[in-house]
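1. sequence and predicted model, in that order:
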Amino acid sequence: MNQEKKVYEVLDALDIEYDIIHHDAVYTVADVKKSKLDFEAVGCKNLFLKDNKGKNHFLVIVEYDKSVDLNQLGTQNGWGRLGFASESRLMTHLGLTHGSVSPFGIINNKDCSVKVIVDECLLDAKKLSFHPNVNTVTIVLSSDDFIKYLNSRENEVHLMNVPSKL
């Protein structure tokens with residue numbers, strides 16, 4: 001089954017409403033800005049990280065233009081030094097490729113080992129937007145439904161003020 005269809009099936013099973021927007025492939029926040037995609041939702045950036053030993057993996061979800069202080073994030077939470085995980089780790093743990101990283105990737109995380117970190121300020125938004133595991137589509141859903149989705153998974157979820165670089 002393809003990645004996108006899996007996401008829709010999970011959301012439909014949870015009775016979550018969402019809007020679908022098709023567009024050209026975007027790989028980065030810069031690509032999104034260039035394409036001038038305009039949604040009535042907060043755009044989100046998803047960072048797939050690992051700890052220094054490569055034993056723990058994290059999916060950090062923040063507003064699209066936030067620059068995350070990885071050192072502070074790891075230190076303040078006792079996770080040690082954090083850095084970006086390789087594309088092979090991304091495929092192994094979330095079944096995704098670069099440019100398609102999304103909170104819906106945890107659908108593919110069978111052992112639920114990836115910790116999900118959500119910047120709590122996102123919850124102030126009425127609507128959020130994410131790729132449904134492919135970078136040619138964006139879906140928009142309410143922040144309440146996003147939390148409902150996360151709560152339906154067995155991954156560890158942390159709602160926190162994600163530190164930003166100054």
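-> Structure received.

2. and Lys126, how close does it get to Leu47?
-> Using Cβ to Cβ, to the nearest Å, we find Lys126 at a distance of 23 Å from Leu47. For the C-beta atoms, the positions are set from N, CA and C on the backbone; glycine is no exception.

3. looking at these two, which one has more neighbours?
-> It is Leu47, of Lys126 and Leu47, that has more neighbours when counted by other Cβ atoms under 10 Å, with 19 against 10.

4. which element, helix or strand, includes the more buried one?
-> Using DSSP states H and E, Leu47 maps to strand 42-51.

5. may I have that strand exported as PDB, CA atoms only?
-> Listed next in PDB are the C-alpha coordinates belonging to strand 42-51 (Å, rounded to 0.1, in the frame of the first residue of the first chain):
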ATOM      1  CA  VAL A  42       0.400  26.800  10.300                       C
ATOM      2  CA  GLY A  43       3.100  25.100   8.200                       C
ATOM      3  CA  CYS A  44       5.200  22.600  10.100                       C
ATOM      4  CA  LYS A  45       8.800  21.500   9.800                       C
ATOM      5  CA  ASN A  46       9.700  17.900  10.900                       C
ATOM      6  CA  LEU A  47      13.200  17.100  11.900                       C
ATOM      7  CA  PHE A  48      14.400  13.400  12.200                       C
ATOM      8  CA  LEU A  49      17.200  13.300  14.800                       C
ATOM      9  CA  LYS A  50      19.300  10.800  16.700                       C
ATOM     10  CA  ASP A  51      21.300  10.900  19.900                       C
END
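
6. now do the helix or strand following that strand: which elements does it pack against?
-> Sequence order places strand 57-63 as the next helix or strand after strand 42-51, per DSSP H and E. Secondary-structure packing of strand 57-63 (3 or more Cβ pairs under 8 Å, 6 or more residues apart in numbering; DSSP states H and E): strand 42-51, helix 87-94, strand 115-119.

7. closest one to Asn2 among those?
-> Evaluated with Cβ to Cβ, the helices and strands packed on strand 57-63 place helix 87-94 nearest to Asn2, the distance being 15.0 Å.

8. using PDB, list the CA coordinates for that closest one.
-> Taking C-alpha atoms only, helix 87-94 is exported to PDB below (Å, rounded to 0.1, in the frame of the first residue of the first chain):
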ATOM      1  CA  GLU A  87      18.600   8.900   5.200                       C
ATOM      2  CA  SER A  88      19.100   5.200   5.800                       C
ATOM      3  CA  ARG A  89      18.000   5.600   9.400                       C
ATOM      4  CA  LEU A  90      15.000   7.600   8.200                       C
ATOM      5  CA  MET A  91      14.000   4.800   5.900                       C
ATOM      6  CA  THR A  92      14.600   2.100   8.600                       C
ATOM      7  CA  HIS A  93      12.600   3.900  11.400                       C
ATOM      8  CA  LEU A  94       9.900   5.800   9.500                       C
END
